[in-house]
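Asks: The following comprises the amino acid sequence and a computationally predicted model.
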Amino acid sequence: GVATVDEIAAVTFTRKAAAELRERLQIHLEERIREWAGEDDALDRERLSAALDGIDRVFVGTIHAFCARLLRERPLEVGLDPAFEELPVEERMRASRHFWDAYLERLTRDAAPILEELSDAGLRPSRLWGLFGHLVENPDVHFPTDETAPPSTSELGEIRTTLDQLVDRGWELMPDQEPARGWDSLQKKLRTLQFTRDVTGWTESADFFDALSRLCKPGPRGHAITQNRWRDAAMAKALRDRVDAFGVGDTAARALVNRWYAHRYALAIRLVHRAALDFAEHRKRAGRLDFQDLLVLTAELLRSNPGVRRQLGCRYRRILVDEFQDTDPLQAEIMLLLSSEPAPEEGDAAADGGTRSDDADWRVVVPRDGALFVVGDPKQSIYRFRRADIQLYGFVKDRFSDFGGVLELTTNFRSLPPIGELVNELFDSERFFPPSATAEQAGFEPLNTRPAKGGSSGGVYWYAVTPEAARGDAVAAADAAGIATWIADRVASGERSAGDFLILTRMRSHLDSYARALEAFSLPLQVTGAGVGVETELRELQAVLECMIDPSNPVKVVAVLVGLFFGIDYERLVQHRLEGGGFDVIRPLDRGHADVTQALTALNAWWRASTMDPAVIFVSRIASELGLLPFAGAGDLGALRAGALVYALDAVRAAALAGDASLPGALDALQAALDLAEAEAPLEPGRPDVVRLMNLHQAKGLEAEVVILADPTGSR
């Protein structure tokens with residue numbers, strides 16, 4: 001009776017976990033309503049029935065989906081088109097690349113001074129693509145841009161002389177012939193320096209510092225040598241010591257290199273930061289937002305609009321956040337601002353004695369009673385690369401101690417007693433966890449497991465895999481065969497259903513081996529993040545599109561002819577050429593080998609169609625004419641491969657809907673789909689009763705009756 005379903009927001013970490021939570025909520029409501037049947041307390045039953053009727057109005061989803069909902073309720077306050085769209089991941093990659101290329105082209109056309117500065121520093125703008133992506137991913141992080149002057153020519157004199165002497169001495173000690181087992185690491189560096197000095201003379205600052213940096217290391221370990229590969233072992237050791245004294249650790253040479261890097265860093269950040277800001281403004285203006293945009297704009301909305309924040313806070317009176325240890329600062333800010341009351345409006349500020357000094361600082365706000373509930377375990381934080389931080393978790397936990405309550409949950413419901421006993425015995429040691437939490441590490445907490453239903457300890461099975469070869473793929477193949485057989489026997493006997501099983505691996509690299517083993521027993525399966533795709537089919541389709549874009553290029557024409565779709569061998573191509581045939585799709589000749597001329601005629605028909613139809617229509621026609629879907633579906637992992645193909649073709653459709661219906665646009669969309677190797681695209685989404693297969697990171701928030709930790713490979 002303290003909240004209706006439309007006032008509740010449950011934020012989970014993954015869409016998969018959100019779907020399971022929503023399903024459980026509905027089932028639980030239905031069960032409770034049945035329990036109330038025939039009892040006197042009609043009010044509770046009425047509330048539960050109303051909740052079930054309004055189940056579609058409760059929010060259960062990821063933080064990004066929640067932010068999208070908030071922005072759709074109040075888009076104009078942050079200057080956003082109410083019809084904004086969320087960029088699919090593959091579309092975002094393509095848009096980033098297009099914007100970056102166009103940005104560099106514009107700088108070149110305008111002869112921007114920054115380009116000359118970068119050139120003097122030995123930086124090519126095209127090489128800053130990765131840095132651009134990093135700043136786009138972290139729009140709320142401040143990257144210092146303080147200018148650092150490069151070392152002057154006068155500061156380099158003595159360092160230059162010493163470097164020349166070291167290279168000369170190293171060259172004298174080199175043997176005339178390469179040693180049987182190759183040059184050692186120091187020899188390779190000195191030989192490279194000898195070569196670059198001969199070619200460039202190190203006259204430009206960029207060339208000199210590139211050379212100098214090769215001998216500079218932070219330490220404490222210096223350069224390694226193999227003495228028997230030098231002319232004189234004792235002299236080689238003496239040279240190694242001189243090199244280490246010159247460039248390893250806190251030396252004058254390394255200090256100059258660091259100043260040079262700082263100078264280059266500031267130039268790179270200045271260029272890329274401007275590009276990232278322009279790209280963010282471009283996405284906002286176009287109404288096509290990525291995940292980070294949703295977070296940044298929602299935080300801005302709540303931070304700068306007290307009235308909107310108050311209204312949304314009343315709209316979502318109960319906010320529940322799962323997996324809080326994986327929350328980054330932006331997400332924490334959104335949750336704390338939304339659940340707290342802003343300072344009074346201008347008219348009633350004096351009456352309430354309110355001030356506005358800290359009302360938008362999420363670090364000091366106080367949530368309303370019962371407005372915010374979070375669950376987290378710092379030992380489960382595995383997403384540091386997404387900016388989750390144990391210190392942030394500790395800070396918010398301390399704040400909860402001030403304004404609310406902190407409840408320690410110590411019972412482990414998922415693991416069986418043998419697992420708990422093993423973990424407690426092993427990890428109750430300061431070698432792993434401190435007795436109490438620190439700023440860097442969670443404290444040790446025992447796993448207080450509960451016996452399985454019926455009082456038994458449940459089934460925990462251990463077995464060894466001893467393949468003939470010790471390679472990881474051999475281990476995975478043997479392990480996959482054993483697990484698939486074990487599952488198939490239990491499903492066939494009626495003891496279990498396929499949906500009872502969840503197979504987890506530490507890494508993604510061998511997921512396809514397990515998928516193939518399960519498919520061999522006709523077990524229905526769902527794979528998450530395996531990268532099981534249709535690379536061959538999509539590469540061939542890309543080759544066709546490249547040929548349609550440049551139909552007179554014989555290299556691209558031959559690439560299609562020898563590929564999957566036509567399968568013409570080189571002997572027939574040679575015979576075709578000797579008989580006077582050509583490789584021009586626009587004007588195919590009627591002479592040459594019959595198989596080749598027939599293929600060229602088909603390509604000519606495709607090219608004519610490509611000049612008249614939008615790319616999405618043309619690609620769909622080609623896929624249908626060639627039977628790509630049946631081809632993918634008929635092979636190994638057919639359902640997964642066919643689903644991945646549908647996903648890739650849908651990316652072409654999405655590009656067309658976004659306004660790019662050209663062949664180059666379709667080509668880019670297919671490339672983006674290929675680059676996104678983790679894309680999960682089952683042919684039958686949501687199919688029930690399937691064996692679930694994924695790596696450990698994907699399993700957060702999920703459960704199963706039978707959990708199998710698979711793939712015992714790797715050095716760890």
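Replies: That came through, no problem.

Asks: Check the offset of stretch 97-106 from the chain's centre.
Replies: In terms of Cα atoms, centre = their mean, to the nearest Å, the centre of stretch 97-106 is set 23 Å apart from its chain centre.

Asks: Repeat that for stretch 595-606.
Replies: That offset, for stretch 595-606, works out to 41 Å (Cα atoms, centre = their mean).

Asks: ok, and for it, which residues are buried?
Replies: Neighbour counts over stretch 595-606 (16 or more other Cβ atoms under 10 Å) mark D595, V596, T597, A599, L600, A602, L603, N604, W606 as buried. To be clear about C-beta, it is placed using only N, CA and C from the backbone, and glycine gets the same treatment.

Asks: Please pull out the lowest mean pLDDT helix or strand from this protein.
Replies: Least confident element among the helices and strands of the chain, by mean pLDDT, DSSP states H and E: helix 349-352 (a mean of 38).

Asks: Let me know the pLDDT of P179.
Replies: Per-residue pLDDT puts P179 at 93.

Asks: Who are the packing partners of the helix or strand following the least confident helix or strand of the chain?
Replies: Using DSSP states H and E, the helix or strand that directly follows helix 349-352 along the chain is strand 372-374. If you count contacts as 3 or more Cβ pairs under 8 Å, 6 or more residues apart in numbering; DSSP states H and E, strand 372-374 packs onto strand 318-321, helix 329-338.

Asks: let's see it at 10 Å
Replies: strand 318-321, helix 329-338, helix 390-403 (3 or more Cβ pairs under 10 Å, 6 or more residues apart in numbering; DSSP states H and E).

Asks: Which members of the buried residues of stretch 595-606 occur in helices, if any?
Replies: The helices, defined by DSSP state H, take in D595, V596, T597, A599, L600, A602, L603, N604, W606 from the buried residues of stretch 595-606.

Asks: what's the closest of those to P175?
Replies: Checking those against P175 with Cβ to Cβ, the nearest one is V596 at 54.9 Å.

Asks: give me every residue that touches the closest one.
Replies: 557-558, 561, 566, 568, 572-573, 575-577, 579, 581-583, 588-589 (Cβ atoms under 10 Å, 6 or more residues apart in numbering).

Asks: that older thread, dump the buried residues of stretch 595-606 to a markdown table, plus distance to A9.
Replies: Output for the buried residues of stretch 595-606, formatted as a markdown table (distance: Cβ to Cβ, whole Å):
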| residue | distance to A9 |
| --- | --- |
| D595 | 63 |
| V596 | 63 |
| T597 | 65 |
| A599 | 58 |
| L600 | 60 |
| A602 | 55 |
| L603 | 55 |
| N604 | 58 |
| W606 | 51 |
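
Asks: from those, which two are the most distant?
Replies: Checking the buried residues of stretch 595-606 with Cβ to Cβ, the most distant pair is D595 and W606, at 16.9 Å.

Asks: Can you tell me which of the buried residues of stretch 595-606 comes closest to E341?
Replies: Checking those against E341 with Cβ to Cβ, the nearest one is W606 at 63.8 Å.

Asks: hey, where'd the helices end up in the stretch 1-150 of the chain?
Replies: 15-36, 42-53, 63-73, 89-109, 113-120, 129-137 (DSSP state H, counting those that start in this stretch).

Asks: most packed of the ones you listed?
Replies: For the helices of the stretch 1-150 of the chain, ranked by mean neighbour count under the definition mean count of other Cβ atoms under 10 Å, the leader is helix 63-73 at a mean of 20.

Asks: follow-up on the earlier one: need the helices of the stretch 1-150 of the chain in CSV (columns: mean pLDDT).
Replies: Shown next, in CSV, are the helices of the stretch 1-150 of the chain (pLDDT from 0 to 100):
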stretch, mean pLDDT
helix 15-36, 87
helix 42-53, 89
helix 63-73, 94
helix 89-109, 88
helix 113-120, 92
helix 129-137, 93
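
Asks: With distance to A644 as added columns, please give the ones you listed in TSV.
Replies: Listed next are those as TSV, based on distance: least, Cβ to Cβ, whole Å:
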stretch	distance to A644
helix 15-36	18
helix 42-53	37
helix 63-73	23
helix 89-109	12
helix 113-120	40
helix 129-137	24
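
Asks: which one of those helices lies closest to L338?
Replies: helix 63-73 (7.8 Å).

Asks: Can you give the distance of that closest one from its chain's centre?
Replies: 21 Å.

Asks: Can I get it in CSV? Just the C-alpha atoms.
Replies: Below are the C-alpha coordinates for helix 63-73, written out as CSV (Å, rounded to 0.1, in the frame of the first residue of the first chain):
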residue,chain,number,x,y,z
ILE,A,63,20.1,1.8,-16.5
HIS,A,64,20.3,2.9,-20.1
ALA,A,65,16.7,1.9,-20.8
PHE,A,66,15.6,3.8,-17.6
CYS,A,67,17.5,6.9,-18.7
ALA,A,68,15.9,6.7,-22.1
ARG,A,69,12.5,6.6,-20.5
LEU,A,70,13.3,9.7,-18.3
LEU,A,71,14.5,11.6,-21.3
ARG,A,72,11.4,10.7,-23.3
GLU,A,73,9.3,12.2,-20.6
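
Asks: what angle separates it from helix 329-338?
Replies: Orientation of helix 63-73 against helix 329-338 (axes from the mean of the first three to the mean of the last three Cα atoms, to 10 degrees) gives an angle of 50 degrees.
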